[in-house]
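Participant: got a sequence here, can you build the structure:
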Amino acid sequence: MTMENANANANISVWWDIETCQFPTNNFDDIYYIAKNIHLALSNVNLHGRLTISAYGNSDLIPSKVRRALYIMGTSLRLLPTKGGVYNGIMPDLLIWALQNPPPANILLISSDDSFSSFLHEFSMQGFNIILSAPSPVDASLAAAANIFWHWPTYISWKLLNAIQQMTMENANTNISVWWDVGNCQIPTNFDSIDCIVNNIRLALLKANLRGKLSISAYGNTNLIASGLQHALSTAGIPLCHVPSGDVYKVIMFDMLKWVLKNHAPASIMLLSSDVRFSKLLYDLSVRRYNILLSAPSKVCASLASTANVIWLWSTLISGGSPLKTAEQVTFKIKTLSASFNFACSNRGRFLVCSCLHHC
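Facilitator: Purely as a prediction, here's the structure:
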């Protein structure tokens, strides 16, 4: 078996030196796309194993918005007390990881620090597949240790449109499961029937080249939903699950995970909600090759929007309209529609734990 074949499905551990490889954008909303684009870049070189990302940097150099983005991306963040101490922070953790994950395994180092050179050469000789990303110019000894080299930040700055087009093609005829938070995405009074809305959702999906079998599940507090609407949902074949106010997220998440266990990727998952608490779950599903679709009212957080390959405004979806067409339009519209929300962040050990205080 060749090294390429052996490493195709092996674990991939990413070690990111934020000090020498800083974020390639001044727009914090774009940071949410970085992990997805790293995953895409690895897939394009036939590396599909379990991906973990660990980031290291001086606490004074990492703004709270960046920490929030890293948390949503599922990245462990180790904050270092002094600038220039990333090498000493990464190496002990990398050595422990290497002992726990013998070859075949993949190591992606995002750093231009030539102090890593000798260790990377040693890891390579032991059978690890070494991937390096660094800005130019890069130390020759450091570059020579790698089997694959990517210029930072070019490879993770690809337009998200490439990923959207690829995922849409793969999922054109796969199942589409819709999860509807009725209290969050309410039905306007000017719509005559639920059947009309369902048909318009089908039409909107067709405009995104998604033609698979459609199933819709609705969730909400039935004490707050008119009996006529409940009857209309039932008549249209849409099950309505009664959930006390404030618990919709938990119930949808549980049912969605059960659905995922029975419906492996490729498949499409559409969320009708602007609840930011879904961000982490949808991100995890997106990196497992599920095609994430999102429709929300006019206010939507960047952390939630970034998990989706295709996005509709709620009013557009139920009118049968087209999704936002390009990543640039998505980013622009999310920026103009997002409201700020605050995070209380605390370091518990080496992981950054954030709790959302205000929704968008």
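Participant: least trustworthy helix or strand in the chain by mean pLDDT?
Facilitator: Of all helical and strand segments in the chain, the minimum by mean pLDDT, DSSP states H and E falls on strand 351-356, at a mean of 28.
Participant: surely residue 195 meets residue 236?
Facilitator: Yes. With contacts counted by C-beta atoms under 8 Å, residue 195 reaches residue 236, the gap being 5.4 Å. C-beta here means a position set from N, CA and C on the backbone, and glycine is covered the same way.
Participant: okay, those two: which has more neighbours?
Facilitator: Set side by side, residue 195 and residue 236 show more neighbours around residue 236, with 16 against 12, by other C-beta atoms under 10 Å.
Participant: what residues does the closest residue to that one other than its chain neighbours make contact with?
Facilitator: If you skip the residues right next to it in sequence, residue 236 has residue 194 as its closest partner in space, 4.3 Å away by C-beta to C-beta, 6 or more residues apart in numbering. Neighbour list for residue 194: 187, 229, 232, 233, 235, 236, 238 [criterion: C-beta atoms under 8 Å, 6 or more residues apart in numbering].
Participant: any stretches of this protein with poor pLDDT?
Facilitator: 1-4, 24-33, 155-168, 192, 299, 325-360 (pLDDT under 70).
Participant: middle-most residue in it, spatially?
Facilitator: The centroid of the chain falls nearest to residue 283 when counting by C-alpha atoms, centre = their mean (3.1 Å).
Participant: where does the closest residue to that one other than its chain neighbours sit: helix, strand or coil?
Facilitator: Sequence neighbours aside, residue 307 is the residue nearest to residue 283 in space, at 4.7 Å (criterion: C-beta to C-beta, 6+ apart). Classification of residue 307 by DSSP: H, G, I helix; E, B strand; the rest coil places it in coil.
Participant: so residue 307 touches residue 292, yeah?
Facilitator: Yes. Residue 307 sits in contact with residue 292 when judged by C-beta under 8 Å, with a separation of 5.3 Å.
Participant: can you list residues touching both of these two?
Facilitator: Common neighbours of residue 307 and residue 292 (C-beta under 8 Å, 6+ apart) are 282, 285, 286.
Participant: before we move on, back to that, residue 307 and residue 292 - which one has more neighbours?
Facilitator: Using other C-beta under 10 Å as the criterion, residue 307 and residue 292 rank with residue 307 on top: 27 against 22.
Participant: please enumerate the strands of the protein.
Facilitator: Remark: strands of the chain, listed N- to C-terminal, are 12-17, 51-58, 76-80, 106-110, 129-134, 148-151, 176-181, 214-220, 240-242, 268-272, 291-296, 310-313, 343-348, 351-356; assignment by DSSP state E.
Participant: buried sites along stretch 281-298?
Facilitator: For stretch 281-298, the neighbour count (16 or more other C-beta atoms under 10 Å) marks 281-283, 285-287, 289-297 as buried.
Participant: need the max-distance pair from those residues.
Facilitator: 289 and 297 (28.1 Å; C-beta to C-beta).
Participant: where does the record place the domain boundaries for this protein?
Facilitator: 3-158, 163-337 (automatic domain parsing).
Participant: in the chain, which spans are helices?
Facilitator: Counting by DSSP state H, one finds helices in the chain at the ranges 3-7, 34-44, 64-72, 86-100, 117-125, 140-144, 160-170, 194-207, 227-235, 248-262, 279-286, 302-305, 314-317, 327-337.
Participant: including distance to residue 17, could the ones you listed go into JSON lines?
Facilitator: Below are these laid out as JSON lines (distance: least, C-beta to C-beta, whole Å):
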{"stretch": "helix 3-7", "distance to residue 17": "23"}
{"stretch": "helix 34-44", "distance to residue 17": "14"}
{"stretch": "helix 64-72", "distance to residue 17": "14"}
{"stretch": "helix 86-100", "distance to residue 17": "5"}
{"stretch": "helix 117-125", "distance to residue 17": "13"}
{"stretch": "helix 140-144", "distance to residue 17": "12"}
{"stretch": "helix 160-170", "distance to residue 17": "24"}
{"stretch": "helix 194-207", "distance to residue 17": "42"}
{"stretch": "helix 227-235", "distance to residue 17": "52"}
{"stretch": "helix 248-262", "distance to residue 17": "34"}
{"stretch": "helix 279-286", "distance to residue 17": "23"}
{"stretch": "helix 302-305", "distance to residue 17": "24"}
{"stretch": "helix 314-317", "distance to residue 17": "41"}
{"stretch": "helix 327-337", "distance to residue 17": "26"}
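Participant: closest one to residue 150 among those?
Facilitator: Among the helices of the chain, helix 34-44 sits nearest to residue 150 (C-beta to C-beta), with 6.8 Å.
Participant: okay, angle between that closest one and strand 12-17 too, please.
Facilitator: Between the direction of helix 34-44 and that of strand 12-17, the angle (axes from the mean of the first three to the mean of the last three C-alpha atoms, to 10 degrees) works out to 130 degrees.
Participant: take the strands of the chain and write them to TSV, including distance to residue 322.
Facilitator: Written out in TSV, the entries for the strands of the chain read as follows (distance: least, C-beta to C-beta, whole Å):
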stretch	distance to residue 322
strand 12-17	35
strand 51-58	32
strand 76-80	38
strand 106-110	36
strand 129-134	36
strand 148-151	34
strand 176-181	16
strand 214-220	17
strand 240-242	28
strand 268-272	15
strand 291-296	12
strand 310-313	8
strand 343-348	34
strand 351-356	31
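Participant: I am finished for the moment; much appreciated.
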